[in-house]
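In: Mind looking at a prediction? Sequence and model below.
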Amino acid sequence: MKLNEDFDDEYDDPVSFNSGRKSTVGAAAIVALLFIMLAIAIVVIANQSDNIKKPGTSQSGAKGTPAAANDWNPDPDATSVISGRTGVASDLDFWDAYPTKGAPTLAPASDNQAATPTPWGGSGTEEAEEEKEKLSVSEDGLHTRVVLPDGTEEWVEINPYLTRNNYEASGFVYQKPFKNYYENNTKKSFVGVDISKEEGYVDYRQLKQQGVDYVMLRLGQRGYSTGELSVDETFVDNYNRAREAELDIGVYFVTAAISTEEAKEEADFCLQVLVDNEMALNYPLALSTMPLGSGKARTDELEKMARTNNAITFMKAVENAGLFSMLYGDKATLIKKYSLGSLIGYDIWYSGPEDIPDYPYQFAMWQYDKGASIEGIGSGAHLNMCFIDYAIR
């Protein structure tokens, strides 16, 4: 077949195609094949050389980061074309972003703010491990450590039916001289001081100027050995001057009741003092479980349920009179001496001088310092924070 009129007839006839041309074409084909094979070999060798630079082969790298991430540095221009960034793999320092179980750390302090607790998540350092040993919650999260009055320790099972303390450690902020609690950068706590005759003369206007919102005044007590009821010597004066300073006011009574009859008597006593002095409260009338003195108390032999029933009797009488009530105590007293399941619905005033509250259950008020130095109080001040604004509740 001819492609066009100029095509040589000789090439169209396979019989007439001479042997010399066949030899020339064969040699050219062999040379071309060798050239192609050589080119392929060069490409393969080049690719193998590039593979040596890929991640996973280097033996040196920063701690906590894959070793090869620091050695592999792709062309910044090429990276910017793909992602718009010029970072390299070693910049992706994500390994320390995931907290490991450990002790609470402290955030850096500014000039006008002390170091503040942050959520659990230690770095694995020796210091963090030492702090971890001080944790009062067991590794399984089911038990809490209680230090008894004689210094011995006991692990107590956490009651799963009680509402757990849900305050975030990072929310507690020390703003000298007080602590506050924040959620989403909004202050959610109120500054308080509890006061009795032990504090001597208190300048309530100075407390107000420093940022104190409320005071808890000791109304009175029952003698822990005699059983006699008495009013705190400074109570009436403290109340009047705190009211003049426009502070919110609550009071507390130190119980030593050994029966529900005595508990009712204590409540009636407190209410009568308030009526006789024409006093109004906008914070609770709290029942303090802590005896005044270190000797033997008449309540030492009380069983847990008897003590609990006494507290309920007192607080019910207070609430029936139209006032707020709450129970005050430290961790060991509340957990070991009271049936907390029977006290559901009553607010707790927790006493514990820690950076982060060490009480596993929900509480409304926290006494975090018993020896603070603040203007307006000559001796060690008892500082509190409240998570409820009872004044508008």
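Out: Now that the structure is in, tell me what you want to look at.

In: Surely Ser230 forms part of a helix?
Out: No. Read with DSSP: H, G, I helix; E, B strand; the rest coil, Ser230 is strand and lies in no helix.

In: contacting residues for it?
Out: For Ser230, the contacting residues are Gly220, Gln221, Arg222, Gly223, by CB atoms under 8 Å, 6 or more residues apart in numbering. C-beta here means a position set from N, CA and C on the backbone, and glycine is covered the same way.

In: for Gly227, same thing?
Out: Neighbouring residues of Gly227 by CB under 8 Å, 6+ apart: Ala256, Ile258, Glu262, Arg298.

In: Would you mind measuring from it to Ser288?
Out: Distance, Gly227 to Ser288, using CB to CB, to the nearest Å: 16 Å.

In: what does Ser342 give?
Out: For Ser342, the distance to Ser288 - CB to CB - is 19 Å.

In: can you check Thr333 too?
Out: Taken as CB to CB, the span from Thr333 to Ser288 is 10 Å.

In: and for stretch 365-382, what are the contacting residues?
Out: So stretch 365-382 is contacted by 177, 179, 192-195, 198-207, 209-210, 326, 328, 347-354, 357, 383-388 (CB under 8 Å, 6+ apart).

In: Quick check: ChimeraX command selecting the buried ones in the residues you listed.
Out: Buried residues within these, by 16 or more other CB atoms under 10 Å, are selected in ChimeraX with:
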select :177,179,192,193,194,195,199,202,204,207,326,328,347,348,349,350,351,352,357,383,384,385,386,388
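
In: In strands, which of the contacts of stretch 365-382 appear?
Out: Under the assignment DSSP state E, those contribute 179, 192-195, 326, 328, 347-351, 383-386 to strands.

In: Can you tell me which of these is closest to Phe314?
Out: Met326 (10.7 Å; CB to CB).

In: what residue ranges in the stretch 151-300 of the chain score low on pLDDT?
Out: Along the stretch 151-300 of the chain, the model assigns pLDDT under 70 to residues 291-294.

In: give me that answer again for 80
Out: For the stretch 151-300 of the chain, applying pLDDT under 80 flags the ranges 290-295.

In: mind putting the contacts of Gly227 in TSV, neighbour count, secondary structure and distance to Asp276 included?
Out: Putting the contacts of Gly227 into TSV (neighbours: other CB atoms under 10 Å; DSSP: H, G, I helix; E, B strand; the rest coil; distance: CB to CB, whole Å) gives the following:
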residue	neighbour count	secondary structure	distance to Asp276
Ala256	23	coil	22
Ile258	19	coil	26
Glu262	20	helix	21
Arg298	17	coil	27
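
In: among these, which two are most distant?
Out: Spatial extent of these (CB to CB) is set by the pair Glu262 and Arg298 at 9.6 Å.

In: The closest residue to Glu198 other than its chain neighbours: how many residues sit nearby?
Out: Excluding the flanking residues, the one nearest Glu198 by CB to CB, 6 or more residues apart in numbering is Ser379, at 7.0 Å. Close neighbours of Ser379, defined as other CB atoms under 10 Å, add up to 11.

In: how's the chain carved up into domains?
Out: Listed by automatic domain parsing, the domain ranges of the chain are 9-95, 99-132, 169-392.

In: just curious, which of the contacts of Gly227 is nearest to Leu38?
Out: Leu38 has its nearest neighbour among those in Ala256, at 103.5 Å by CB to CB.

In: So that closest one sits against Thr299, correct?
Out: Yes. Using CB atoms under 8 Å, Ala256 is in contact with Thr299, at 5.5 Å.

In: picking up where we left off before, quick check: of the contacts of Gly227, which lies closest to Tyr214?
Out: Distances from Tyr214 to those, taken by CB to CB, are shortest for Ala256, at 25.9 Å.

In: Contact partners for that closest one?
Out: By CB under 8 Å, 6+ apart, the contact set of Ala256 is Gln221, Arg222, Gly223, Tyr224, Gly227, Pro291, Ala297, Arg298, Thr299.

In: roughly how far apart are it and Leu287?
Out: Ala256 is 11 Å from Leu287, where distance means CB to CB.

In: do Ala245 as well
Out: Taking CB to CB, one finds Ala245 at 26 Å from Leu287.

In: Those two: which is more packed in?
Out: Leu287 (28 against 19).

In: The more buried one sits in which helix or strand?
Out: strand 285-288 (DSSP states H and E).

In: What are the boundaries of the helices in this protein?
Out: Along the chain, the stretches classed as helices by DSSP state H are 9-12, 19-51, 76-83, 126-132, 204-210, 235-244, 260-276, 304-320, 331-337.

In: who has more neighbours, Ser342 and Ser288?
Out: Per other CB under 10 Å, whichever of Ser342 and Ser288 has more neighbours is Ser288, with 21 against 14.

In: Quickly list what that one is bridged to.
Out: Taking DSSP bridges as the rule, Ser288 bridges to Val254, Tyr328.
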